[in-house]
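**Q** I'd like to go over a predicted model; first the sequence, then the structure.
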Protein chains: 2
Amino acid sequence: MPFHRQSEATDGMNEARMRRAIERKRDGEPIGETEWEEIVLAYMDERVDDAQMAALAMACVFRGLTTDETTALTKAMAESGEMLRHPNGAFVVDKHSSGGVSDTVSLVAVPLVAACGVPVAKLSGRALGHTGGTIDKLEAIEGLRTTLSMDEFVRQVERIGCAIAAQSEAIVPADKRLYRLRDRTGTVRSTGLVTASILSKKIAAGAHAFAFDVKCGTAAFMSNVDEATELGRMLVEVTARFGRKAKAVVTDMHEPLGRSIGTGIEVIEACEILREDTVDKRSREVTLHVAAAMLELAGVPEPRAAAERSLSSGAAYEKFVEMVRAQGGSERALHDLELHTRREVARSPHGGYVAAIDGRTIGHAAREWSAAERGAGIQMLVRIGDRVEAGDALAEVYGTHADASIVARAIKIDETPPPPRALIYATVSS
Amino acid sequence: MPFHRQSEATDGMNEARMRRAIERKRDGEPIGETEWEEIVLAYMDERVDDAQMAALAMACVFRGLTTDETTALTKAMAESGEMLRHPNGAFVVDKHSSGGVSDTVSLVAVPLVAACGVPVAKLSGRALGHTGGTIDKLEAIEGLRTTLSMDEFVRQVERIGCAIAAQSEAIVPADKRLYRLRDRTGTVRSTGLVTASILSKKIAAGAHAFAFDVKCGTAAFMSNVDEATELGRMLVEVTARFGRKAKAVVTDMHEPLGRSIGTGIEVIEACEILREDTVDKRSREVTLHVAAAMLELAGVPEPRAAAERSLSSGAAYEKFVEMVRAQGGSERALHDLELHTRREVARSPHGGYVAAIDGRTIGHAAREWSAAERGAGIQMLVRIGDRVEAGDALAEVYGTHADASIVARAIKIDETPPPPRALIYATVSS
């Protein structure tokens, strides 16, 4: 790994040296590899406090980080906790989504890829803001445990080819601390800091190749395609510095990816995709795209065809059930998932075209309703661009507290059809 | 005072609202008057912590503050502590220097202006970095007290026409806290934040007009004339928003202003200027320029001539002695100030022209030596542009620990003469 030579000889970070590092970043000079490592160490030891770290983070928002700096920061963060190793020389893959609404890609792609003989080791997070979390969704399955020990996690991947477990406290503790700080100091938006946050956890989780699904749109954390592509490029470049492989896809998130929004309700939709019961093409298409990228990274020939066969043969669904069982759930628990009996329908106030869907409002509402009771959430019946008449059903909401009017207001109906949008905006390979 | 309308309805600042304020500043939107007030209040109450404040300060370094924002922040900071009022309708003036080396302007200009019948109320700070502090210098006079109560301070100005006292803890506590934070987070350099820091203390100290001496050069905190002029302009504009008068002068600080550097040794030089014993023209000229600005602000006709008469008549020196006595010192204590008996001479290693003088090194050295023992410090014997031969004396150093080689190395001798420089770069009036 080539790095910038460190900018200052180091014998331990302290307040005065941290101040000079902040000033250099403020003035547009890079921070050296050793210095990034010492900054992270000192921050974890509380020799550097939140105030200095917040000032540095804000300077990074304005000045950016070079690929060298991002690599150094990622490495220092990854090494702040436990680093997993997958045994027996298996080539293990992993995937990451930057967060969206009705994003069931992990639930489907992980067993799908594993069913093709490529081991997948995925540590996931919880819901953040208006977006759902894979861990919260899996926990809607009765009996299923997501808090595996890291040893259990590695052994399950070895035994059945896949696992999705909650991010352990032992993995990248520096990211937990730094992310909380960035969240409250307005310093989340920095391609370098975002890359280090995502990739340090992936590197520590031990896979050899990563597919990054960078969501882009009003219901994602980024809505500018260029910025999202830049994040994808940085993720792929920095992964390469660690001698690992990566592919990034920038996918649309101007509206919920699938039809269902809520924890249990999204597991139901994931099962439909896995069993090929569903007719919703967008979620299936993005899932196949990401799964094919994972297979391609593992050297599987004709990865797209392999991914489709994994679904059509039933192998992907079987692998999903095997993973659910391995983590304490059962197929019965999957069948027991059902929609809440109280239903309301959101209707169009007038005729026209669906022009926009406020995924943030919908995501927040579904998160609240489905956290309160099983089977609650939202099912969208329309997509952006659809023609509707006055009184047509736009969506169904489920649950005691579910309020169809919130969803109806989040769907904008215009007289003219909106311009068409792509589903996949860009692909970045190493 | 016209202000921007506040950007968000406020019912108390908290972590979430502070995060949104930081994000707006980061994205280039101004923060409203009420919000600045609430931010300062919340910071003092510890409802907003150092991390959020540091992130906001760094965003201000990059985005700047509008005149409205700077006014609102200055007001909020000034109101964080005691606000002085000078009685009897007297028009009181004050001056401020942004800090330099061998800067005795306050010691001379304050009694000089008071001797012309214009009351001067000056609260001063201590040494900062390589620059000297007027309070440290005054305390070299045996018996002299600088820690007056604010009541004593106001009464002394009323009684004898002038006082120079240490900044009380009760005046602008928000600045003390914020300055310490900015110092360690690399966020000192922001015209808006610097203006609010300086002006909040001036406003709280109660004078009606201010002369700002913005030092510019390698031995000052700013070395770019445009930036220094911009600070002067902002200081004058924001002062006007408070219905007070101001004039700013940008003066040279590429080398020590006078000949002497150190606490007691600078008081000796100030007395020489006051008694017209000195031949050093630079320090006398800047002092007369600043004093004339103070007199002009108070409506004194022909202010420059009045300032010169105050020196030549002996009135300025008499007023200085009166002030020294009023604060517990004596004329005897002034006469007792003398140079340390141990002296070393810094000599030129070769012939040429004095091309540059590293005022930071010289300032730090003199501060250290003169803090250790009475009468220690440095006397410069050359100025930038002077022709010297090998072995010529460049400076004398005084004190047990004084090291002439440090000073010799700080003086650069070149073959060709440096280009001429101005002494006064710019003047900004309201």
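**A** The structure has been received and is ready for your questions. Numbering: from 1, shown residues only, chains lettered A, B, ... in the order given.
**Q** what's next to the helix or strand where residue A:247 lies, contact-wise?
**A** Per DSSP states H and E: residue A:247 is located in strand A:245-252. The contact list for strand A:245-252 (C-beta atoms under 8 Å, 6 or more residues apart in numbering or on different chains) reads A:208-217, A:225, A:228-229, A:231-233, A:235-236, A:239-240, A:257, A:282, A:286, A:289-290, A:293, A:296-297, A:421-430. C-beta coordinates here come from the backbone N, C-alpha and C atoms, glycine included.
**Q** buried subset of the residues you listed?
**A** A:208-217, A:225, A:228-229, A:231-233, A:235-236, A:239, A:257, A:282, A:286, A:289-290, A:293, A:296-297, A:425-426, A:428, A:430 (16 or more other C-beta atoms under 10 Å in any protein chain shown).
**Q** so what's the backbone phi/psi at the residue nearest the centre of chain A?
**A** In chain A, the centroid-proximal residue (C-alpha atoms, centre = their mean) is residue A:97; its distance is 2.5 Å. Main-chain dihedrals, residue A:97, degrees, to the nearest 10: phi -110, psi 140.
**Q** is it true that it touches residue A:108?
**A** No. Here residue A:97 does not reach residue A:108: they are 11.9 Å apart, not a contact under C-beta atoms under 8 Å.
**Q** thinking again about what came up before, how close does the residue nearest to the centre of chain A sit to residue A:110?
**A** Separation of residue A:97 from residue A:110 (C-beta to C-beta, to the nearest Å) stands at 12 Å.
**Q** Please apply the same query to residue A:82.
**A** Distance from residue A:82 to residue A:110, by C-beta to C-beta: 21 Å.
**Q** who's more crowded, those two?
**A** residue A:110 (28 against 16; other C-beta atoms under 10 Å in any protein chain shown).
**Q** so the more buried one, which of the three states?
**A** helix (DSSP: H, G, I helix; E, B strand; the rest coil).
**Q** so it makes contact with residue A:324?
**A** No. Using C-beta under 8 Å, residue A:110 makes no contact with residue A:324, being 11.4 Å away.
**Q** so where is chain A shaky, pLDDT-wise?
**A** A:1-11, A:279 (pLDDT under 70).
**Q** how about a cut-off of 90?
**A** A:1-12, A:87-90, A:125-132, A:168-169, A:278-280, A:430 (pLDDT under 90).
**Q** Show me what from it comes close to chain B.
**A** Within chain A, the positions near chain B by C-beta under 8 Å from any C-beta of the partner chain are A:15, A:18-20, A:22-23, A:26, A:49-55, A:57-59, A:61-62, A:181, A:183-187.
**Q** Buried only: go through those for me.
**A** A:18-19, A:22-23, A:26, A:49-55, A:57-59, A:61-62, A:181, A:184-187.
**Q** thinking again about what came up before, pull the contacting residues for the residue nearest to the centre of chain A.
**A** By C-beta under 8 Å, 6+ apart, the neighbours of residue A:97 are A:103, A:105, A:106, A:213, A:215.
**Q** dump the residue contacts of residue A:105.
**A** Residue A:105 neighbours (C-beta under 8 Å, 6+ apart): A:95, A:97, A:213, A:257, A:283, A:286, A:287, A:290.
**Q** Can you tell me what sits against the helix or strand hosting residue A:394?
**A** Applying DSSP H and E as the criterion places residue A:394 in strand A:393-398. For strand A:393-398, contacts defined as C-beta under 8 Å, 6+ apart pick out A:262, A:265, A:339-340, A:342-348, A:354, A:365, A:369, A:375-382, A:388, A:403-404, A:406-408, A:411.
**Q** Now intersect these with the helices, please.
**A** In this view, the contacts of strand A:393-398 that belong to helices under DSSP state H are A:265, A:365, A:369, A:404, A:406, A:407, A:408.
**Q** circling back to that earlier point, mind checking which of the contacts of strand A:245-252 are in helices?
**A** Among the contacts of strand A:245-252, the members falling in helices (DSSP H) are A:225, A:228-229, A:231-233, A:235-236, A:239-240, A:282, A:286, A:289-290, A:293, A:296-297.
**Q** For residue A:128, grab the count of nearby residues.
**A** Neighbours of residue A:128 using other C-beta under 10 Å come to 13.
**Q** Okay, it and chain B: tell me how far apart.
**A** Using C-beta to the nearest C-beta, to the nearest Å, one gets 15 Å for the distance from residue A:128 to chain B.
**Q** Residue B:391 versus that residue, what's the distance?
**A** From residue A:128 to residue B:391 the distance is 72 Å (C-beta to C-beta).
**Q** Then residue A:258?
**A** Taken as C-beta to C-beta, the span from residue A:258 to residue B:391 is 87 Å.
**Q** Helix, strand, or coil at the nearest residue to residue A:242 once chain neighbours are set aside?
**A** Using C-beta to C-beta, 6 or more residues apart in numbering or on different chains and skipping residues adjacent in sequence, the residue nearest residue A:242 is residue A:203, 5.8 Å away. Look at residue A:203: counting by three-state DSSP, its state is helix.
**Q** which stretches of the stretch 1-150 of chain A form helices?
**A** A:15-26, A:33-44, A:50-63, A:67-78, A:105-115, A:134-138, A:150-160 (DSSP state H, counting those that start in this stretch).
**Q** Between the ones you listed, which one is closest to residue B:278.
**A** Closest approach to residue B:278 among those (C-beta to C-beta): helix A:15-26, 38.2 Å.
**Q** Restricting to C-alpha, output the closest one in CSV.
**A** The C-alpha trace of helix A:15-26 is given here as CSV (Å, rounded to 0.1, in the frame of the first residue of the first chain):
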residue,chain,number,x,y,z
GLU,A,15,-3.7,18.1,22.2
ALA,A,16,-1.0,20.4,20.7
ARG,A,17,-0.1,17.9,17.8
MET,A,18,-3.8,17.3,17.1
ARG,A,19,-4.3,21.1,16.9
ARG,A,20,-1.5,21.2,14.2
ALA,A,21,-3.1,18.3,12.4
ILE,A,22,-6.5,20.1,12.3
GLU,A,23,-4.8,23.3,11.1
ARG,A,24,-3.0,21.4,8.3
LYS,A,25,-6.3,19.8,7.2
ARG,A,26,-8.0,23.1,7.4
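**Q** which secondary structure elements does that helix contact?
**A** helix A:33-44, helix A:50-63, helix B:50-63, helix B:173-184 (3 or more C-beta pairs under 8 Å, 6 or more residues apart in numbering or on different chains; DSSP states H and E).
**Q** could those helices be laid out in a markdown table, adding distance to residue B:38?
**A** Shown next, in a markdown table, are the helices and strands packed on helix A:15-26 (distance: least, C-beta to C-beta, whole Å):
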| stretch | distance to residue B:38 |
| --- | --- |
| helix A:33-44 | 29 |
| helix A:50-63 | 19 |
| helix B:50-63 | 12 |
| helix B:173-184 | 12 |
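**Q** Would you mind telling me which of these is nearest residue B:119?
**A** That would be helix B:173-184 among the helices and strands packed on helix A:15-26, by C-beta to C-beta, at 24.0 Å.
**Q** so how far is that closest one from its chain's centroid?
**A** Put simply, helix B:173-184 sits 17 Å off its chain's centre (C-alpha atoms, centre = their mean, to the nearest Å).
**Q** how about it, does it get close to chain A?
**A** Yes. Against chain A, helix B:173-184 shows contacts by C-beta under 8 Å from any C-beta at B:181, B:183, B:184.
**Q** and the second one, what does it touch?
**A** In other words, residue B:183. Applying C-beta under 8 Å, 6+ apart, the residues contacting residue B:183 are residue A:19.
**Q** What separation do you get for it and residue B:177?
**A** In terms of C-beta to C-beta, residue B:183 sits 11 Å off from residue B:177.
**Q** ok, now the last one?
**A** Noted for residue B:184: a distance of 12 Å to residue B:177, by C-beta to C-beta.
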